[in-house]
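1. Test case, fold it:
(chains A and B)
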There are 2 protein chains.
Amino acid sequence: MAGTEAELASCKVILAGTIAKSLLSEVSSGLSKLQQPPHLVGFLANTDPAARNGCQFSLRELDREELESAILAANADDAVDGIIVYYPIFNNRQDQYLQQITDIRKDVEGLSHRYIFNLFQNIRFLDGERGLQKSILPCTPLAVIKILEYLRVYNTILPYGNRLFGHSITVVNRSEVVGRPLAALLANDGACVYSVDVTGVQQFTRGEGIKERRHRVVEKEGWGLKDCVPLSDVVITGVPGESFKFPTELLREGAICINFSTEKNFGPEVKEKASIYVPAIGKVTIVILLRNLVRLVQNRKGTLDPPDHASDFGNS
Amino acid sequence: MAGTEAELASCKVILAGTIAKSLLSEVSSGLSKLQQPPHLVGFLANTDPAARNGCQFSLRELDREELESAILAANADDAVDGIIVYYPIFNNRQDQYLQQITDIRKDVEGLSHRYIFNLFQNIRFLDGERGLQKSILPCTPLAVIKILEYLRVYNTILPYGNRLFGHSITVVNRSEVVGRPLAALLANDGACVYSVDVTGVQQFTRGEGIKERRHRVVEKEGWGLKDCVPLSDVVITGVPGESFKFPTELLREGAICINFSTEKNFGPEVKEKASIYVPAIGKVTIVILLRNLVRLVQNRKGTLDPPDHASDFGNS
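-> Okay, here's the model as predicted:
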């Protein structure tokens, strides 16, 4: 049933590098307005060499027992603009404790409780109505949002905050780090989201006519991929491990498919069904890290442009 | 069940005048490149005063028996760039004969058989590969296409000609003048179209993976609005007569609704379900008439810019 190259031509494959390049030009313009280049510090306190990949920032390698005081010192150091810590470190609840140590004004990964709270509560600014300090969003979920903006799934004709209204999106992964915050962000922007993991399907929406201010979650008893994927015009996967292969036969004709797992969750046959396929997102995530760093500096200096809810500036 | 004004705020109503204004600026730029203002002649040979509304062009009123020779004279007159005839005239097959009298180089309404043939066959140029002479599309179907472009339903990330891939669109009206050519245009651009009239539902698509060059039509035995509307992210109505009211309860949450009938096919409750509602299209149709006139002059002079299939210039 596999088609030839010519037959598959109706699916457009968009590489993360292309999207990253477009975002980078936006970030560069923010960078150019800063008085000096922002300084990002990365702490590497584990021995996982994979964590070092894909990051161009200088690293401080140290023993994990030194990490807490090193973060506190970086918090107090005016020469440091952003802090990134490569997790896991202790691989237990101590890691969650360490995540809350980083000063939120330097938390480039958006892992501080206040940022996560704002994300789930659909609160977009730290300074309320003034709107000069944007709440920071975690890099991988925000990378997916930015990809959906690039793919024109966000409809800029609709008001800011409602631009996914009318879209149904399946997210296969409900981790606290990516899948659940991503489902919440998409639903807060107006989508009907089906969040899928091994335990089942949850629906995230802002209710009928997206009249509610933030998303709510409904358990879809007995549902599986076979129930939600045929309803979805966008499917986002992030399942770790080689064993999972997305059941392409469930896809709607012309669905948009995005994979954020380092594994290939979609087989090559996805191109026979999808209109757009984004096979990986890593390069976008790296630009988002830089973007968040610029945001942190803007937030501290209060140099963010006033919010323009009619603009297509989008999320975060 | 009707909501208050605030509760309905999630539906964006977009008036034809807004879209017309945006299109007009594009047409004006084409106009400004012509050596002299194009000359459009309108023939009014019926006594329906409604036909005179909404048109700013000068008219030649005449007896219907004089019409045939008047069109032939206008065909031969180098000072005439476009011809428009207000139908119905005889209200029988003689009207179809008269439609084929107008020189296709002056047929601003796109009613000539060659244009209609090209529309259904998905042939976009008169001069084939050279691509310097665009085939003219009839004004009302093209107005709907231009509205869908304005609403970002056409995804400019996808290649020209495939930009509706992934969309399911219900069109309620299958007249030869608007509904059937519109369904064909939408399907030729990659959509899955459900064309509905009193006799039933037909599906227009370019097949699995939109691999075919032009649309094909499949009769959906036993289907009605209740079967196709819940599948559709866009619903377009054009039912004449006051008695028809679209069953809003069938709409998907966040559907995009467009009405091209002079009657209000959607009740006010559409705003509780739709993400975008376009209540009428007349003002856009008038700009399209002007746009077609500019195209005719460009086609004659061969001054059309070479085709750029990567641009978002869109249909026609």
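2. distance of residue A:194 from residue A:204?
-> Distance from residue A:194 to residue A:204, counting by Cβ to Cβ, to the nearest Å: 8 Å. For every residue, glycine as well, the C-beta is placed using N, CA and C.
3. Setting aside sequence neighbours, what's the nearest residue to residue A:99?
-> residue A:111 (4.6 Å; Cβ to Cβ, 6 or more residues apart in numbering or on different chains).
4. tally of neighbours for the one you found?
-> Using other Cβ atoms under 10 Å in any protein chain shown, the number of residues around residue A:111 comes to 21.
5. Surely it touches residue A:97?
-> No: Residue A:111 is beyond contact range of residue A:97, at 11.8 Å (criterion: Cβ atoms under 8 Å).
6. mind listing the strands for the stretch 1-150 of chain A?
-> A:12-13, A:40-44, A:59-61, A:82-85 (DSSP state E, counting those that start in this stretch).
7. so which of those gets nearest residue B:242?
-> strand A:12-13 (44.4 Å; Cβ to Cβ).
8. where does the stretch 51-200 of chain A come near chain B, residue by residue?
-> Contacts of the stretch 51-200 of chain A with chain B, taken as Cβ under 8 Å from any Cβ of the partner chain, map to A:150-152, A:155-159, A:162, A:165-167, A:190, A:192.
9. go with 6 Å
-> A:151, A:152, A:155, A:157, A:158, A:162, A:165, A:166 (Cβ under 6 Å from any Cβ of the partner chain).
10. Just the buried residues from those, in PyMOL please.
-> The PyMOL command for the buried members of those (criterion: 16 or more other Cβ atoms under 10 Å in any protein chain shown) is given here:
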select buried, chain A and resi 151+152+155+158+162+165+166
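11. Pull the most distant pair out of the residues of the stretch 51-200 of chain A next to chain B.
-> A:151 and A:162 (17.6 Å).
12. how's chain A carved up into domains?
-> Split into domains by automatic domain parsing, chain A comes to A:7-16+A:140-283, A:35-121+A:286-297.
13. Give me the mean pLDDT for the shortest one.
-> By that I understand domain A:35-121+A:286-297. For domain A:35-121+A:286-297, mean pLDDT is 81.
14. swap in the first one?
-> Domain A:7-16+A:140-283 shows a mean pLDDT of 94.
15. can you give me the helices for chain A?
-> A:16-32, A:67-76, A:93-99, A:113-121, A:139-150, A:179-188, A:225-228, A:282-301 (DSSP state H).
16. for chain B, what are the nearby residues on the stretch 201-316 of chain A?
-> A:209, A:210, A:211, A:233, A:254, A:272, A:275.
17. Please produce a ChimeraX select command covering the buried subset of the residues you listed.
-> To isolate the buried ones among those in ChimeraX, judged by 16+ other Cβ under 10 Å, type:
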select /A:209,210,233,254,272,275
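18. for the residues of the stretch 201-316 of chain A next to chain B, which one is nearest residue A:260?
-> For those, the nearest to residue A:260 is residue A:233 (17.8 Å; Cβ to Cβ).
19. Identify the residues contacting the closest one.
-> Residues in contact with residue A:233 (Cβ atoms under 6 Å, 6 or more residues apart in numbering or on different chains) are A:167, A:168, A:255, B:166.
20. The third one against residue A:272, yeah?
-> No: between residue A:255 and residue A:272 there is no contact under Cβ atoms under 6 Å: 11.4 Å.
21. residues contacting the closest residue to chain B within the stretch 101-250 of chain A?
-> Nearest residue of the stretch 101-250 of chain A to chain B (Cβ to the nearest Cβ) works out as residue A:166 at 2.9 Å. Taking Cβ under 6 Å, 6+ apart, we find residue A:166 in contact with B:233, B:254, B:275.
22. Now it. Nearest residue, chain neighbours left out?
-> residue B:254 (2.9 Å).
23. Contacts only, for the one you found.
-> So residue B:254 contacts A:165, A:166, B:275 (Cβ under 6 Å, 6+ apart).
24. hmm, 10 Å instead?
-> Under the criterion of Cβ atoms under 10 Å, 6 or more residues apart in numbering or on different chains, the neighbours of residue B:254 are A:155, A:158, A:162, A:164-168, A:190-192, A:209-210, B:10-11, B:233, B:273-276.
25. Report the two of the contacts of residue A:233 separated the most.
-> A:168 and B:166 (11.8 Å).
26. Residue A:21 and chain B: what is the separation?
-> To chain B, residue A:21 is 14 Å away according to Cβ to the nearest Cβ, to the nearest Å.
27. Quick check: that residue touching residue A:286?
-> No: the criterion here is Cβ atoms under 10 Å, and residue A:21 misses it with residue A:286 at 11.7 Å.
28. and those two? which has more neighbours close in?
-> Set residue A:21 next to residue A:286 and count neighbours by other Cβ under 10 Å: residue A:286 wins out with 20 against 13.
29. Residues in contact with both of residue A:194 and residue A:204, list them for me.
-> A:169, A:171, A:183.
30. Settle this for me: residue A:80 is touching residue A:107, isn't it.
-> No: using Cβ under 10 Å, residue A:80 is not in contact with residue A:107; the gap is 11.7 Å.
31. In terms of neighbours, single out the busier of those two.
-> Legend: neighbour count by other Cβ under 10 Å for residue A:80 and residue A:107, higher for residue A:107 (24 against 16).
32. Show me what that one bridges to in the sheet.
-> residue A:83 (DSSP bridges).
33. tell me the contacts of it?
-> By Cβ under 10 Å, 6+ apart, the neighbours of residue A:107 are A:75, A:82-85, A:99-101, A:114-115, A:136, A:138, A:292, A:296.
34. Would you mind writing the PyMOL command to select the buried ones in those residues?
-> The PyMOL command for the buried members of the contacts of residue A:107 (criterion: 16+ other Cβ under 10 Å) is given here:
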select buried, chain A and resi 75+82+83+84+85+99+101+115+136+138+292+296
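35. of all the contacts of residue A:107, which two lie farthest apart?
-> So, these by Cβ to Cβ: farthest apart are A:75 and A:138, at 19.3 Å.
36. about what we covered before: let me have the contacts of residue A:107 in JSON lines, extended by distance to residue B:227.
-> As requested, the contacts of residue A:107 are exported to JSON lines (distance: Cβ to Cβ, whole Å):
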{"residue": "A:75", "distance to residue B:227": "61"}
{"residue": "A:82", "distance to residue B:227": "54"}
{"residue": "A:83", "distance to residue B:227": "56"}
{"residue": "A:84", "distance to residue B:227": "52"}
{"residue": "A:85", "distance to residue B:227": "54"}
{"residue": "A:99", "distance to residue B:227": "51"}
{"residue": "A:100", "distance to residue B:227": "53"}
{"residue": "A:101", "distance to residue B:227": "57"}
{"residue": "A:114", "distance to residue B:227": "49"}
{"residue": "A:115", "distance to residue B:227": "45"}
{"residue": "A:136", "distance to residue B:227": "46"}
{"residue": "A:138", "distance to residue B:227": "42"}
{"residue": "A:292", "distance to residue B:227": "47"}
{"residue": "A:296", "distance to residue B:227": "52"}
